[in-house]
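Enquirer: I would like the atomic coordinates for the input below:
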Amino acid sequence: MDGERAHLIGDDGGERTKRRHRSARRCNILVLLVFLIIVAAVVIVPTTVLLTKKDDSNPATLPQAIKSDNIRKHLQRFQEIAIANNNSEGADSRSVLDGYNASALYVSQLLEDKGFDVTHQYFQVPLNYEYDGSHLSTTFQGILFNFQMGSQFNVMRYSAGASIDNLLWVNEDTEGGCRNESFAGMTPDSVALLTYESSDIANCSFYDLVLNAYGNGAKGVIIAYGAAYATSPPSRSRITGPNMEVSEIIPLPVFSVSYAVGVQLKGMNAHEPLTVTGFSSTAVIAATTFNVLASMPRGNPGTTIIVGSHLDSVPAGPGINDNGSGSSVNLELALLFADLNIQPKNKVMFAWWAAEEWGLVGSRYFVRELADRSNISLNLNMDMLGSPNYYRGVYNGSAAPAGIEKQSETLMQLLEETFCKKAVPYELLPFTGRSDYGPFIDAIPPIPAGAVATGADGSKTVVERAEFGGFANVPYDTCYHQACDTIDNIDFPVLQDMADSVSTALQVLLEEENLAELLMQNTDSYRNAICCLREKGSHPVIRD
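Expert: Okay, here's the model as predicted:
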């Protein structure tokens, strides 16, 4: 963080003595002036020293001004909105069909009151709902094999709600259906059994397999894991296209089975043709939602910074940590940007993404619809900043895609800086693209990104317990995607740490005259937080 600037306001006014004054009176005045100068020196010099230190009573920068007490007020409001939008499943929720719109309007109104230009960017999103009653079975030599859901089969997400009672066709192609030609021998109206080997991951996705089967007349699809996944439970992956658009949904029931069940089905079908019976108790609903985008006509629009967080929750809970925490920090940063009258060198757009919980849909749509991606210099993302069994996490920008490694590493170091100065441990997280920074780094060309988090459904390790406290072998957030993700689920001290991290990085980025040059700085010579921490006897945990 750049140091604060102190501004002293002095009074250079004074009256000129008249020439006709007596010399004695001149002397008295001179003595008085000297005395006043000495007094001023005693008063003003200490004041100057104090003003160069952090003065939270009159903050001038984002990191000075951001406070968890103000962030708490937004979290409280989000919780009230969730309670007011109790859904058909009996859950308080801010999901797309529940309290999302009210959350977005709350954010929008506060921003408009501060003078932001606020845009609602509308788009359609497919929503997947699952119900009781799904089943899958077959009969072999007069014996009914009724497979158990969860351990032996699953319905894949965004599967069409439909029945099957059709002959099984086994795809023997070594590429498991990645090629359209693989289905040349399939009898129309069959249920296609496709094997997903580890090598297929590089060749095509589950969506590609199902799309090929549908295009060749299949009435349903069963995807069996190959030997590489012999111990894995049946998949519940999404069967969705690359853009998560409604038009990409495939109208087929799609089941997954374990490796053992896949081998069993192939073996039985080799002895006699099997008929497979099943039902996918699901529904795919097309909904309209919107991102909230806010900016001011300040800073260079050719070097725009996108500061983002997803605003929606899952249907099962209010999502106060996931991701009311990130969205509340984002909102408080925007309000402070206005209150402090920051005049940035680079333009900033604050964004609240819709439908993240349905597959990063809002951020995907935003990136896809950008008229000129060259104007976007970087993205900062905040997702889950108050986990109760937390780590302080910064995503490892050095593992970013080719072409943006250096820039993303610099963003990583800027986000590390707060933890360096506080001498507290933090963790470098895999740069997986799991949250809303993902569409930015996946863009063509990719956009540099930096992100922070405090943990979701994974469990804390013994090493992390030694670094951060808390409980080993317990999830970072035991209320992840549940009804108990309320304001009582928030660790406010770590939320303050994460808000300090983002605000410190953003302040530097806003003030930088040459943003492209800053992002390409040699990381060994610019704010090397890792070395700083090591000098203070600490170090980051680096997760593979």
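
Enquirer: Low-confidence regions, this protein specifically.
Expert: Judged by pLDDT under 70, the chain has its weakly predicted residues at 1-58, 174, 198-202, 522-539, 541-544.

Enquirer: Hmm, A192 and N171 touching each other?
Expert: Yes - at 6.1 Å, N171 counts as touching A192 under the criterion of Cβ atoms under 8 Å. From N, CA and C alone the C-beta is placed, and that goes for glycine too.

Enquirer: Show me whatever sits in contact with both of those two.
Expert: In the contact map built from Cβ atoms under 8 Å, 6 or more residues apart in numbering, the residues linked to both N171 and A192 are G177, F183, M186.

Enquirer: Please render the residues you listed as a markdown table that adds neighbour count to the earlier fields.
Expert: Written out in a markdown table, the entries for those read as follows (neighbours: other Cβ atoms under 10 Å):
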| residue | neighbour count |
| --- | --- |
| G177 | 29 |
| F183 | 21 |
| M186 | 18 |
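
Enquirer: Return the closest of the residues you listed with respect to D322.
Expert: G177 (34.8 Å; Cβ to Cβ).

Enquirer: Quick one: residues contacting that closest one.
Expert: The contact partners of G177, taken as Cβ under 8 Å, 6+ apart, are N171, F183, A192, L194, C204, D208, L209, N212, A213.

Enquirer: Could you find the closest non-adjacent residue to the fifth one?
Expert: What it means is C204. The spatially closest residue to C204, leaving aside those adjacent along the chain, is C178, at 3.9 Å (Cβ to Cβ, 6 or more residues apart in numbering).

Enquirer: quick one: that neighbour from E272, how far?
Expert: 28 Å (Cβ to Cβ, to the nearest Å).

Enquirer: and the closest residue to R77 other than its chain neighbours, how many neighbours does it have?
Expert: Nearest residue to R77, sequence neighbours excluded (Cβ to Cβ, 6+ apart): Y106, at 5.9 Å. Y106 has 19 neighbours, counted by other Cβ atoms under 10 Å.

Enquirer: cool, L293 as well?
Expert: Close neighbours of L293, defined as other Cβ under 10 Å, add up to 21.

Enquirer: That one: what secondary structure?
Expert: Going by DSSP: H, G, I helix; E, B strand; the rest coil, the secondary structure assigned to L293 is strand.

Enquirer: next one: the one 4 residues further on
Expert: For P297, the secondary-structure state derived from three-state DSSP is coil.

Enquirer: Spatially nearest residue to it (excluding sequence neighbours)?
Expert: Leaving out its chain neighbours, the residue that sits closest to P297 by Cβ to Cβ, 6+ apart is D117, at 7.5 Å.

Enquirer: ok, now D497?
Expert: What sits nearest to D497 in space, not counting adjacent residues and going by Cβ to Cβ, 6+ apart, is R392, at 5.9 Å.

Enquirer: what's near enough to touch the residue nearest to C204?
Expert: For C178, the contact set (Cβ under 8 Å, 6+ apart) comprises D200, N203, C204, D208, L209, N212.

Enquirer: Just to check, the fifth one is in contact with G176?
Expert: Yes - taking Cβ under 8 Å as the definition, L209 is a contact partner of G176 at 6.8 Å.

Enquirer: out of those two, which sits in the busier spot?
Expert: Comparing L209 with G176 by neighbour count (other Cβ under 10 Å), the higher total belongs to L209, at 26 against 21.

Enquirer: Which secondary structure element is home to A270?
Expert: In this structure, A270 is located in helix 259-271 according to DSSP states H and E.

Enquirer: buried set for that helix?
Expert: By neighbour count, with 16 or more other Cβ atoms under 10 Å as the criterion, the buried positions of helix 259-271 are Y259, V261, G262, V263, Q264, L265, K266, M268, N269.

Enquirer: Specify which member of those is nearest to E464.
Expert: Comparing the buried residues of helix 259-271 against E464 with Cβ to Cβ places Y259 closest, at 31.9 Å.

Enquirer: Quick one: residues contacting that closest one.
Expert: Under the contact definition (Cβ under 8 Å, 6+ apart), the residues listed for Y259 are A224, Y225, G226, A227, Y229, A230, T231, S232.

Enquirer: Could you pick out the buried ones from those residues?
Expert: Judged by neighbour count, with buriedness set by 16+ other Cβ under 10 Å, the buried members of the contacts of Y259 are A224, Y225, G226, Y229.

Enquirer: How are the helices of the stretch 51-200 of the chain distributed by residue range?
Expert: 62-65, 68-84, 100-113, 200-203 (DSSP state H, counting those that start in this stretch).

Enquirer: Out of these, flag the one nearest I305.
Expert: Closest of the helices of the stretch 51-200 of the chain to I305 is helix 62-65, at 12.5 Å (criterion: Cβ to Cβ).

Enquirer: Test my guess that the residue nearest to D497 contacts Q496.
Expert: No - here R392 does not reach Q496: they are 11.1 Å apart, not a contact under Cβ under 8 Å.

Enquirer: Pull the number of nearby residues for the nearest residue to I447 once chain neighbours are set aside.
Expert: Ranked by Cβ to Cβ, 6+ apart and with sequence neighbours excluded, the top spatial neighbour of I447 is F440, at 4.2 Å. Here the number of neighbours of F440 (other Cβ under 10 Å) works out to 28.

Enquirer: Run through the residues that contact F440.
Expert: I306, S363, V367, I376, N379, P446, I447, P448, A449.

Enquirer: Distance from the chain centre to the helix or strand in which it is found, please.
Expert: Assigning secondary structure by DSSP H and E places F440 in helix 438-441. Its chain's C-alpha centre lies 10 Å from the corresponding centre of helix 438-441 when counted by Cα atoms, centre = their mean, to the nearest Å.

Enquirer: can you check stretch 357-369 too?
Expert: Centroid separation for stretch 357-369 versus its chain: 11 Å, with Cα atoms, centre = their mean.

Enquirer: Not counting it itself, show me its contacts.
Expert: 95-96, 121, 123, 125-128, 238, 240, 243-244, 289, 291, 293, 308, 310, 312-314, 319, 351, 353-356, 373, 435-440, 442-443, 447.

Enquirer: Report the buried members of these.
Expert: When burial is judged by neighbour count using 16+ other Cβ under 10 Å, the buried members of the contacts of stretch 357-369 are 95-96, 121, 123, 125-128, 238, 240, 244, 289, 291, 293, 308, 310, 312-314, 319, 351, 353-356, 435-440, 442-443, 447.

Enquirer: The helix holding F440: what's the following helix or strand?
Expert: Towards the C-terminus, the helix or strand next in line after helix 438-441, according to DSSP H and E, is strand 449-453.

Enquirer: Return the set of buried residues in the helix or strand following that next one.
Expert: Downstream of strand 449-453, the first helix or strand assigned by DSSP H and E is helix 462-468. In terms of neighbour count (16+ other Cβ under 10 Å), helix 462-468 has its buried residues at E464, R465, E467, F468.

Enquirer: how far does helix 462-468 sit from the chain's center?
Expert: 24 Å.

Enquirer: Same question for stretch 468-476.
Expert: Its chain's C-alpha centre lies 22 Å from the corresponding centre of stretch 468-476 when counted by Cα atoms, centre = their mean.

Enquirer: And it, end to end?
Expert: 11 Å (Cα to Cα, to the nearest Å).
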